[in-house]
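*Asks:* quick one, structure for this:
(one chain, ligands or ions: 1)
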Amino acid sequence: MKIAIGSDHVAVEMKQQIIEYLEGKNYLVEDFGPYSSERTDYPIYGMKVAEEVSNNNFDCGILICGTGVGISITANKVQGIRAVVCSEPYSAKLSKEHNNTNILAFGARVVGIELAKMIVDEWLNAKFEGGRHLNRINMIE
Ligand code: RB5
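*Replies:* Reported below is the predicted structural model:
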């Protein structure tokens with residue numbers, strides 16, 4: 001599975017920890033920046049990752065900013081993107097099973113690294129259930 005990942009300056013360190021965690025589980029991860037903690041703007045990276053996922057260059061995306069809010073709002077502007085911001089694993093799992101989310105976002109100022117890993121695991125391991133949920137997704141589109 002190929003995962004596109006991006007953040008803002010606030011979340012560069014957590015992003016690197018998540019990349020290493022996922023690579024340790026043999027996921028292919030590409031980092032769309034930023035590559036330093038110099039102040040920048042989350043819409044740049046939210047948009048890059050969302051476009052990569054929307055164009056089917058990647059199976060899914062992970063976005064991290066201070067809260068996960070701004071970067072997920074950005075991603076949801078891109079056609080075909082269903083980005084969820086989660087601070088706990090239950091919503092992450094259900095967001096895949098019911099909403100077929102293709103981008104997961106969270107906040108480096110909200111969750112610690114171990115909780116972030118749990119959220120990522122639940123989301124990546126969950127499967128879309130289809131059926132009645134597919135009708136609803138089509139209604140969103
Ligand atoms: C940056 O200060 C902060 O606004 C950003 O990381 C994020 O939390 C926005 O939603």
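*Asks:* wait, a strand at residue 105?
*Replies:* Yes. Remark: residue 105 belongs to a strand, assigned using DSSP: H, G, I helix; E, B strand; the rest coil.
*Asks:* count of neighbours near it?
*Replies:* For residue 105, the neighbour count with other C-beta atoms under 10 Å is 31. Yep, even glycine has a C-beta here, placed from its N, CA and C like the rest.
*Asks:* which residues does it contact?
*Replies:* Residues near residue 105 by C-beta atoms under 8 Å, 6 or more residues apart in numbering: 62-65, 68-69, 71-72, 75, 83-86.
*Asks:* for it, list each beta-bridge partner.
*Replies:* residue 63, residue 85 (DSSP bridges).
*Asks:* which element, helix or strand, includes residue 115?
*Replies:* Secondary-structure assignment from DSSP states H and E places residue 115 in helix 113-125.
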